[in-house]
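> Sequence and predicted model, in that order:
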Amino acid sequence: EADIYQTPRYLVIGTGKKITLECSQTMGHDKMYWYQQDPGMELHLIHYSYGVNSTEKGDLSSESTVSRIRTEHFPLTLESARPSHTSQYLCASRGAGELFFGEGSRLTVL
Amino acid sequence: KQEVTQIPAALSVPEGENLVLNCSFTDSAIYNLQWFRQDPGKGLTSLLLIQSSQREQTSGRLNASLDKSSGRSTLYIAASQPGDSATYLCAVRGDTGANSKLTFGKGITLSVRP
């Protein structure tokens, strides 16, 4: 069983609000990732980190930002949410090989 | 650029049937291949990881095979059950190192009818 946790699982907020999606893992993995997935669609990598103080943008351009101050924690922030940000956000981590995912955070911006 | 294809996009089978899900990739220079399961509205659950030097991996009723030279992997599910209904994704990691890129297929949505 993978030990990677995302909160909140569901979030409904109004346009213009600042939101932070939390992701924590207890496996000591250096590599962490954020993917975005719309219903029935493929995953798109939006951010990744290979260790503390290391963050990179992924394949899909995103207005969100991330930080990696601690190994176990990789939060994603949207400074001003818009309806176009409505999606599911999946966090993942990896040690040497296998990739593990959290349950996801489903964001709805009204 | 690596491309991962999973065909068909959807599959419906009766309970008890043995089935094979296919995954093909264009660049055979891979580090590993991983199969995932995703239930609606949930994250991805890792099923099997095959390193590039391996030919197959087994876990319970699941068996995944890898043929690098032909750019193919299959996920075999024995004696399918309604609880196996989900979307199955394969993902390929390039062999440029441990930090190389992971490319996902679009998945196959499986429905097992009681």
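Here it is on my side, so go on. Residues are numbered from 1 along each chain as shown, chains lettered A, B, ... in the order given.
> Mind pulling up the pLDDT for B:Gly105?
At B:Gly105, the model reports a pLDDT of 94.
> so it touches B:Ala91, yeah?
Yes: using CB atoms under 8 Å as the test, B:Gly105 is close enough to B:Ala91 to be in contact (7.1 Å). Backbone N, C-alpha and C define where each C-beta goes, glycine included.
> The two - which one has more neighbours?
Neighbour tally, B:Gly105 and B:Ala91, criterion other CB atoms under 10 Å in any protein chain shown: the higher count belongs to B:Gly105, 25 against 21.
> how close does the more buried one sit to B:Leu89?
6 Å (CB to CB, to the nearest Å).
> Identify the contacts common to those two.
Common contacts of B:Gly105 and B:Leu89, defined by CB atoms under 8 Å, 6 or more residues apart in numbering or on different chains, comprise B:Gln6.
> Let me see the ranges of the strands in the chain.
No chain in the question, so chain A it is. Taking DSSP state E, the strands of chain A run over residues A:4-7, A:10-13, A:19-25, A:31-37, A:43-51, A:54-57, A:65-66, A:76-78, A:87-94, A:99-101, A:105-109.
> wrong one, chain B
Counting by DSSP E, the strands of chain B are B:4-5, B:10-14, B:19-25, B:30-38, B:44-51, B:56-59, B:62-67, B:72-77, B:86-94, B:102-104, B:108-113.
> The fourth one pairs with which strands, parallel or anti?
Paired neighbours of strand B:30-38 in the sheet (DSSP bridges): strand B:44-51 (antiparallel), strand B:86-94 (antiparallel).
> Spell out which residues of chain A are next to chain B.
A:2, A:6, A:31, A:41-43, A:45, A:50, A:88, A:90, A:92, A:96-104, A:106 (CB under 8 Å from any CB of the partner chain).
> If we ignore the residues flanking it in sequence, what's nearest A:Val66?
Nearest residue to A:Val66, sequence neighbours excluded (CB to CB, 6 or more residues apart in numbering or on different chains): A:His47, at 4.4 Å.
> Was I right to think the one you found contacts A:Glu56?
Yes: applying CB under 8 Å, one finds A:His47 in contact with A:Glu56, separated by 7.0 Å.
> what does the helix or strand of chain B with the lowest mean pLDDT rub up against?
Taking mean pLDDT, DSSP states H and E as the measure, the helix or strand of chain B with the lowest value is strand B:102-104, at a mean of 91. Here strand B:102-104 makes contact (CB under 8 Å, 6+ apart) with A:42-43, A:45, A:99, B:2-4, B:25, B:34, B:89-94.
> What subset of the residues you listed is buried?
A:43, A:45, A:99, B:2, B:4, B:25, B:34, B:89-94 (16 or more other CB atoms under 10 Å in any protein chain shown).
> Same list (these) but as JSON lines, adding distance to A:Leu76 and pLDDT.
Shown next, in JSON lines, are the buried ones among the contacts of strand B:102-104 (distance: CB to CB, whole Å; pLDDT from 0 to 100):
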{"residue": "A:Leu43", "distance to A:Leu76": "15", "pLDDT": "91"}
{"residue": "A:Leu45", "distance to A:Leu76": "12", "pLDDT": "93"}
{"residue": "A:Leu99", "distance to A:Leu76": "17", "pLDDT": "93"}
{"residue": "B:Gln2", "distance to A:Leu76": "26", "pLDDT": "90"}
{"residue": "B:Val4", "distance to A:Leu76": "25", "pLDDT": "95"}
{"residue": "B:Phe25", "distance to A:Leu76": "29", "pLDDT": "97"}
{"residue": "B:Gln34", "distance to A:Leu76": "23", "pLDDT": "96"}
{"residue": "B:Leu89", "distance to A:Leu76": "22", "pLDDT": "97"}
{"residue": "B:Cys90", "distance to A:Leu76": "26", "pLDDT": "97"}
{"residue": "B:Ala91", "distance to A:Leu76": "21", "pLDDT": "96"}
{"residue": "B:Val92", "distance to A:Leu76": "25", "pLDDT": "94"}
{"residue": "B:Arg93", "distance to A:Leu76": "23", "pLDDT": "92"}
{"residue": "B:Gly94", "distance to A:Leu76": "25", "pLDDT": "87"}
